[in-house]
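>>> okay, here's the prediction I keep looking at, along with the sequence it came from:
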Amino acid sequence: MTTVAVLCDAPGSERVLQGLAETSPLSASETESLYAALLKDTALSVARSGGDLLVNYRDEDAEDAVREVVAEAVDPGDARFEVQVGETYAGRVGNTVTHLLETEDTGSVAAVSPEAAFLARTQIDEAAMKLRSSEVVLGPAQGGRVYYAAFAEAIDFEDAYAPPAVETLTDRAIDAGFGVDFIANGPLLETGADLADVLVQLRARRKSEAIVPPHLAEWAAESDLVVHADGGELSLTR
């Protein structure tokens, strides 16, 4: 069974979705509510999967706020909460993965952030299956990024998420003599362009009655954002 670590901040933190706040018309409160929706959907997907949910919050004083948000989607008894350790995202992932694999004898560990907007139970379980034959399984995102990374063995995590993260993580795994496999591409919501793309996909899924992340869908339905297509580029306006 894979332990899935959701690395997150308190929704009100200034660090939350910084790139999105700078590249979209969202207000601070809208950015906060969007992040809360993403966190709830991510926790819910992990709880519904065959994995164990570990919520890794950034600062010790963020625990209450994070617990409150997660409890709106998941029974608190189904989640474990721990503070992150490390100065960088790669460092925090590395500390969590290495500790669980080597100290707690966990079979495999995955790292994900709430920005993985369409993460679903099926992707988590598919990655867990692939970990039986490959030590590292990655979920590629747009722009060479990674929305999901799962490990049956620890790699050298220093700067392991350096762009393009999907190639850097693959190189680190291969350097350690490990096999690498992949699950389907998925979006990572970090900028205004990412949000425009996610909204288009979300609206298309709803029209076709496909499964959508419930809290993100609710947030989008209440939003007055309009997506414009100018050639091959998407943009957001009110």
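Here it is on my side, so go on.
>>> hey, let's count contacts and neighbours off CA atoms from now on
Noted.
>>> what residue is smack in the middle of the chain?
Compute the mean C-alpha point of the chain, and by CA atoms, centre = their mean the closest residue is residue 113, 2.8 Å away.
>>> next up, the contacts around that one.
Residues in contact with residue 113, defined by CA atoms under 8 Å, 6 or more residues apart in numbering, are 6, 7, 8, 39, 42, 147, 148.
>>> so which of those residues are in helices?
39, 42 (DSSP state H).
>>> need the contacts of residue 113 in JSON lines (columns: neighbour count and pLDDT).
Formatted as JSON lines, these follow (neighbours: other CA atoms under 10 Å; pLDDT from 0 to 100):
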{"residue": "6", "neighbour count": "22", "pLDDT": "98"}
{"residue": "7", "neighbour count": "23", "pLDDT": "98"}
{"residue": "8", "neighbour count": "23", "pLDDT": "98"}
{"residue": "39", "neighbour count": "29", "pLDDT": "98"}
{"residue": "42", "neighbour count": "27", "pLDDT": "98"}
{"residue": "147", "neighbour count": "26", "pLDDT": "98"}
{"residue": "148", "neighbour count": "26", "pLDDT": "98"}
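>>> which one of the contacts of residue 113 sits closest to residue 104?
Distance to residue 104 across the contacts of residue 113 (CA to CA) is lowest for residue 6, with 17.5 Å.
>>> so that closest one bridges to which residues?
Counting by DSSP bridges, residue 6 forms beta bridges with residue 55, residue 112.
>>> let me know the closest of the contacts of residue 113 to residue 163.
Proximity of these to residue 163 (CA to CA) peaks at residue 147, which lies at 12.9 Å.
>>> I'd guessed that closest one sits against residue 141; true?
Yes: under the contact definition of CA atoms under 8 Å, residue 147 touches residue 141, with a separation of 5.7 Å.
>>> shared neighbours of those two, anything?
Here residue 147 and residue 141 have 186, 187, 188 as joint contacts, going by CA under 8 Å, 6+ apart.
>>> assign the closest residue to the last one other than its chain neighbours to helix, strand or coil.
In this case it means residue 188. Nearest residue to residue 188, sequence neighbours excluded (CA to CA, 6 or more residues apart in numbering): residue 116, at 4.8 Å. Assigned by DSSP: H, G, I helix; E, B strand; the rest coil, the conformation of residue 116 is coil.
>>> residues in contact with residue 116?
38, 42, 147, 148, 186, 187, 188, 189.
>>> the same query, at a cut-off of 10 Å, please.
By CA atoms under 10 Å, 6 or more residues apart in numbering, residue 116 lies in contact with 38-39, 41-42, 139, 141, 146-148, 186-190.
>>> any idea which of these is closest to residue 196?
Comparing these against residue 196 with CA to CA places residue 189 closest, at 9.2 Å.
>>> strands of the chain, start to end?
Listed in chain order, the strands of the chain (DSSP state E) span 2-8, 52-57, 79-83, 108-112, 136-140, 146-151, 180-182, 226-230, 233-237.
>>> make CSV from those strands and add distance to residue 30 to it.
CSV is the format used below for the strands of the chain (distance: least, CA to CA, whole Å):
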stretch, distance to residue 30
strand 2-8, 17
strand 52-57, 21
strand 79-83, 25
strand 108-112, 22
strand 136-140, 27
strand 146-151, 22
strand 180-182, 33
strand 226-230, 15
strand 233-237, 14
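>>> give me the pLDDT value at the closest residue to residue 65 other than its chain neighbours.
Nearest residue to residue 65, sequence neighbours excluded (CA to CA, 6+ apart): residue 10, at 5.9 Å. With respect to pLDDT, residue 10 scores 96.
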